[in-house]
Structure formats: structure tokens, C-alpha cells
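Asks: Structural data only, the sequence is not supplied:
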């Protein structure tokens, strides 16, 4: 059964580009785990206070792919880069 996710990402202060760079790297791994990036959007400068910097819609063919992506050693190796750029992440399972 497919897993569809809405991912909201908040950048640390003035780290929007670093967040995007990190996401470029980890999103490139999705296909190896039967995952697909359906949509990726960034909020515009001047967005309402507290808005996420980036919003993603992601789909995996099933739980095994999602679990594999989350445990991918290449993704985990970028934890320091992520921690420097990403202040907060919220993930919601959704129906598209």
C-alpha cells in the first residue's frame, strides 16, 4: 500500500539555501527506495511569520521503501548538514 506524505520544513535563521541544498541531496535518494517526489515548493520571501521554508509531497510504494529511505546511511551521514540548516520538520501521512 502506497504511503503519501506532506513534509513541512522550517529553516534555521537565514539558512533557507542550506536547507534546499540538504534536501537536494537527500531527495535524490528517493528513487532507490521506491519513492517519488511529487511536488516541492518554497515559500516566498515575506511569507507570514512562522511559515515553513519548504513543502514537499512524497510518495513511497510501501512501508519497506519508506523505512529503507529513513535508514539510508548516506542520508544519515548528512545529519550535521541537516541540523545546521533545518530548525523543524513536520511529516503528515496524507491522501492525494
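Replies: Now that the structure is in, tell me what you want to look at. It should be emphasised that the depicted structure is a prediction, and the values quoted were computed from it without experimental measurement. Numbers count the residues shown, from 1 in each chain.
Asks: for this protein, what spans make up the strands?
Replies: With DSSP state E, the ranges of strands along the chain come out as 3-11, 35-42, 54-60, 86-93.
Asks: Quick one: these as CSV, columns for mean pLDDT and mean neighbour count too.
Replies: Heads up, the C-betas are built off the backbone N, CA and C, glycines and all. Below are the strands of the chain laid out as CSV (pLDDT from 0 to 100; neighbours: other CB atoms under 10 Å):
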stretch, mean pLDDT, mean neighbour count
strand 3-11, 98, 18
strand 35-42, 98, 14
strand 54-60, 98, 18
strand 86-93, 98, 12
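Asks: a markdown table for those, including distance to residue 73?
Replies: A markdown table is the format used below for the strands of the chain (distance: least, CB to CB, whole Å):
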| stretch | distance to residue 73 |
| --- | --- |
| strand 3-11 | 21 |
| strand 35-42 | 16 |
| strand 54-60 | 18 |
| strand 86-93 | 19 |
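Asks: And the residue of the chain positioned farthest from its centre, how far from residue 16?
Replies: What lies farthest from the middle of the chain is residue 46; by CA atoms, centre = their mean that is 21.7 Å. As judged by CB to CB, to the nearest Å, residue 46 and residue 16 stand 12 Å apart.
Asks: By residue count, what's the longest helix in the chain?
Replies: Longest helix in the chain by number of residues, with DSSP state H as the criterion: helix 16-27.
Asks: which residues sit against that helix?
Replies: Here helix 16-27 makes contact (CB atoms under 8 Å, 6 or more residues apart in numbering) with 9, 11-12, 37, 40, 42, 53-54, 56, 75, 78, 81-82, 84-86.
Asks: Which parts of it count as buried, going by neighbours?
Replies: By neighbour count on 16 or more other CB atoms under 10 Å, the buried set for helix 16-27 is 16, 18, 19, 20, 22, 23, 26, 27.
Asks: So which of those is the closest to residue 3?
Replies: Residue 3 lies nearest to residue 27 out of the buried residues of helix 16-27, by CB to CB, at 15.7 Å.
Asks: quick one: the closest one from residue 58, how far?
Replies: With CB to CB as the criterion, residue 27 and residue 58 are 8 Å apart.
Asks: shared neighbours of those two, anything?
Replies: Jointly contacting residue 27 and residue 58 under the rule CB under 8 Å, 6+ apart are residue 37.
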